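*Asks:* kindly generate the corresponding structure for this input.
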Amino acid sequence: MYKNKQIWSVSFPILLSLLAQNVINVTDTAFLGHVSEVALGASAMGGLFYICIFTVAFGFSIGSQIVIARRNGEQQYQDVGPVMIQGCIFLLALAFFAFGVARFWGGDIMRVVVSSETIYDATMEFINWRVFGFFFSFMGAMFRAFYIGITRTKVLTINAVVMALVNVALDYAMIFGKCGFPEMGIKGAAIASVIAEASSILFYVLYTYITVDLKKYVLNRFGSFDFKLLARILSISCFTMLQHFLSMGTFFVFFMVVERIGQRELAIANIVRSIYVVMFIPVNALSATANSLVSNTIGAGGVKDVIPLVKKIARFSLLLMLGLAGAIAIFPKAIVSVYTSNSSLIEACISSVYVICIAMVIASVANVVFNSVSGTGNTRSALLLESFTLVFYVLYMLFIGTVLQAPVEICFTTEVVYYSLLLLVSYIYFKKAKWQNKKI
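*Replies:* The predicted structure is shown next:
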């Protein structure tokens, strides 16, 4: 049974890495918020388009992480490297495919999603450069899976700091035309993000080569492409790939609905989303920890310890979020002012911030429990649970956003509905389902 100190030793580096990684989102939003509301809204739509596609690769990496963690728990270290290598090959091929789809059909997709011609033009300017990041972010997801799976997470922090520093410096230089760069606005934000992701991969490769025992994990043998191994990985990953795509796709629907309400509403939603993403960092870190430790625990034969472990991590996550959400709810104007100096826009964001604080308290428990379902290896069940929840999410969003044309803060209550249902169905799963003997 893992102790609090061990849980924190795994979670904290992941938390720091996510914090640094999300500097990309925060700095893009903060800098573009000082350019124009159009740039702010367009970066939201373009960024969500990018993330929707990226989540397919991320879903594959989560499935791979579950397999790596199980083998690590079983001390079958020689089976870890082949999963990593085959995963990298598969994701590189997927990156080429995703890049082609985005470049050839991205404009057609965004024509359906975005109604404003001005926002459409700015969004496409962002997307046309941002999609080069697929080649690096897809590989980065696999390195992340490897290090979380073997519970060696400190490297994630260092890597993310490198990426964040590169992104902040280039954002400032390229968006505003500093340090000898031309003023590129939203295009500069996209290029800066791609270069930052490339620096991340360079760091991962060098760090792995220098510090990891390549022979122990059989990372020094590339061999031929192993279709049987890939099929085994995909038997777990295909459900997490679809699950993450559907989850982010419905958030994309959220922004599509808000964009039709108005340009100001879209700007508000993007600022609040950025705050939401930052608040989600500790939840995400502890959820990833739960996923990995549950898989490691089962691999080591400790099935009876799974439920106490999940409860311990969920309780830890809840206490952390109560403190964070409370601080943000007390000082909402100070938080929003990071993203814009427009006083009327700041005031318009406050109510939505309060709603997100409530949603994140529920999410702090719901996401840990739900990711623990995936950690048992039952990724098909996790997909079904989330699909059930997302149906209600989309129907609720379409009703209040399209039919009622409700204010943005009411639209954000979808997050409260989503996480409440996710917690309920995940709790029922652990109570009623037969998850103890899943083989992967």
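*Asks:* need the contact partners of stretch 163-181.
*Replies:* Residues outside stretch 163-181 that contact it (Cβ atoms under 8 Å, 6 or more residues apart in numbering): 20-21, 23-24, 27-28, 31-32, 35, 183-189, 191-193, 195-197, 199-200, 203. To be clear about C-beta, it is placed using only N, CA and C from the backbone, and glycine gets the same treatment.
*Asks:* remind me which residues of the protein are low pLDDT?
*Replies:* Low-confidence segments of the chain (pLDDT under 70): 1-2, 4, 16-23, 25, 223-225, 435-440.
*Asks:* middle-most residue in it, spatially?
*Replies:* The centre of the chain sits closest to residue 55, judged by Cα atoms, centre = their mean, with a distance of 7.2 Å.
*Asks:* which one is it nearest to, not counting chain neighbours?
*Replies:* residue 244 (3.9 Å; Cβ to Cβ, 6 or more residues apart in numbering).
*Asks:* hmm, which of the contacts of stretch 163-181 are the buried ones?
*Replies:* Using 16 or more other Cβ atoms under 10 Å as the burial test, these include 20-21, 23-24, 27-28, 31-32, 35, 184-189, 191-193, 195-197, 199-200, 203 as buried.
*Asks:* give me the subset of these lying in strands.
*Replies:* Among the buried ones among the contacts of stretch 163-181, DSSP state E puts none in strands.
*Asks:* neighbours of residue 243, how many?
*Replies:* 25 (other Cβ atoms under 10 Å).
*Asks:* hmm, it is touching residue 383, no?
*Replies:* Yes. With contact defined as Cβ atoms under 8 Å, residue 243 reaches residue 383; the gap is 4.5 Å.
*Asks:* joint contacts of the two?
*Replies:* Shared contacts of residue 243 and residue 383, defined by Cβ under 8 Å, 6+ apart, are absent.
*Asks:* coming back round to it: who are the packing partners of the helix or strand encompassing the residue nearest to residue 55?
*Replies:* Per DSSP states H and E, residue 244 falls inside helix 227-261. Judged by 3 or more Cβ pairs under 8 Å, 6 or more residues apart in numbering; DSSP states H and E, helix 227-261 is in contact with helix 37-73, helix 80-113, helix 263-299, helix 379-398, helix 408-411.
*Asks:* find the nearest non-adjacent residue to residue 237, please.
*Replies:* Residue 237's closest residue in space is residue 63 (Cβ to Cβ, 6+ apart), at 2.7 Å.
*Asks:* residue contacts, the one you found?
*Replies:* 233, 234, 236, 237, 238, 239, 240, 241, 379.
*Asks:* could you dump those residues to JSON lines with distance to residue 267 and neighbour count?
*Replies:* Shown next, in JSON lines, are the contacts of residue 63 (distance: Cβ to Cβ, whole Å; neighbours: other Cβ atoms under 10 Å):
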{"residue": "233", "distance to residue 267": "41", "neighbour count": "23"}
{"residue": "234", "distance to residue 267": "40", "neighbour count": "16"}
{"residue": "236", "distance to residue 267": "40", "neighbour count": "24"}
{"residue": "237", "distance to residue 267": "36", "neighbour count": "25"}
{"residue": "238", "distance to residue 267": "37", "neighbour count": "17"}
{"residue": "239", "distance to residue 267": "36", "neighbour count": "22"}
{"residue": "240", "distance to residue 267": "33", "neighbour count": "27"}
{"residue": "241", "distance to residue 267": "32", "neighbour count": "23"}
{"residue": "379", "distance to residue 267": "37", "neighbour count": "26"}
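*Asks:* closest one of those residues to residue 121?
*Replies:* Closest approach between the contacts of residue 63 and residue 121, by Cβ to Cβ: residue 241, at 31.5 Å.
*Asks:* who's in contact with the closest one?
*Replies:* Contact analysis of residue 241 by Cβ under 8 Å, 6+ apart lists 55, 56, 57, 59, 60, 63.
*Asks:* and those residues, which is closest to residue 76?
*Replies:* Of all the contacts of residue 241, residue 63 has the smallest distance to residue 76: 17.4 Å, by Cβ to Cβ.
*Asks:* among the buried ones among the contacts of stretch 163-181, which are located in helices?
*Replies:* 20-21, 23-24, 27-28, 31-32, 186-189, 191-193, 195-197, 199-200, 203 (DSSP state H).
*Asks:* in three-state terms, label residue 222 for me.
*Replies:* coil (DSSP: H, G, I helix; E, B strand; the rest coil).
*Asks:* test my guess that it contacts residue 85.
*Replies:* Yes. Using Cβ under 8 Å, residue 222 is in contact with residue 85, at 6.1 Å.
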